[in-house]
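Undergrad: sequence and computational prediction follow.
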Amino acid sequence: MDDIVAQLTEINKRLGYIPRAQVEQLARELKLPPAKVFGAATFYALFCTQPRGKHVVRFCEDAPCHVAGGRAVFDALRTALQIEPGQTSADGVWTFELTSCLGVCGVAPVMMVDDDVYGNVTPARVAEILASVT
């Protein structure tokens with residue numbers, strides 16, 4: 001299983017997602033049923049089987065972020081990105097995802113853009129954070 005995950009990680013990193021054709025090719029190379037490889041590709045939250053935007057915005061929807069004002073930050077993200085969670089912008093720049101705990105509850109509310117984590121996010125900071133990425 002470690003070999004499958006390592007190879008899926010490489011594909012996901014190189015292409016930004018794991019296309020069905022890559023799953024099938026990897027299954028042939030590893031002499032495994034495609035369903036086993038696809039199962040691994042869909043099990044892990046950081047793998048994606050659909051194309052994503054150039055930048056992936058993840059917003060923590062767990063209780064500590066919610067209690068610390070996360071709903072207002074969530075609304076600011078929806079407005080700034082002009083897309084809903086699970087969607088990619090028409091220009092292919094942004095993908096917006098909801099996620100569970102990012103492990104930094106002490107600085108809630110929290111969001112990630114690509115691999116960068118931002119804590120103590122306020123609605124006013126959302127536009128500033130997004131502008132710093134593009």
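TA: In hand now; what should we look at?
Undergrad: helices along the protein, start to end?
TA: For the chain, the helices defined by DSSP state H occupy 2-15, 20-30, 34-43, 63-65, 71-81, 123-133.
Undergrad: in the second one, what counts as buried?
TA: For helix 20-30, the neighbour count (16 or more other Cβ atoms under 10 Å) marks Gln22, Val23, Leu26, Ala27 as buried. C-betas here are computed from N, CA, C, even on glycine.
Undergrad: my guess is the last one contacts Ala41. True?
TA: No. Using Cβ atoms under 8 Å, Ala27 makes no contact with Ala41, being 10.3 Å away.
Undergrad: give me the domain ranges for this protein.
TA: 2-43, 55-133 (automatic domain parsing).
Undergrad: wouldn't Ala68 be in contact with Pro109 here?
TA: Yes. Assessed by Cβ under 8 Å, Ala68 is found in contact with Pro109 at 5.1 Å.
Undergrad: those two: which is more packed in?
TA: Comparing Ala68 with Pro109 by other Cβ atoms under 10 Å, the one with more neighbours is Pro109, at 27 against 21.
Undergrad: circling back: now render the domains of the chain as a markdown table, adding distance to Thr49 and mean pLDDT.
TA: Listed next are the domains of the chain as a markdown table, based on distance: least, Cβ to Cβ, whole Å; pLDDT from 0 to 100:
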| stretch | distance to Thr49 | mean pLDDT |
| --- | --- | --- |
| domain 2-43 | 5 | 93 |
| domain 55-133 | 13 | 94 |
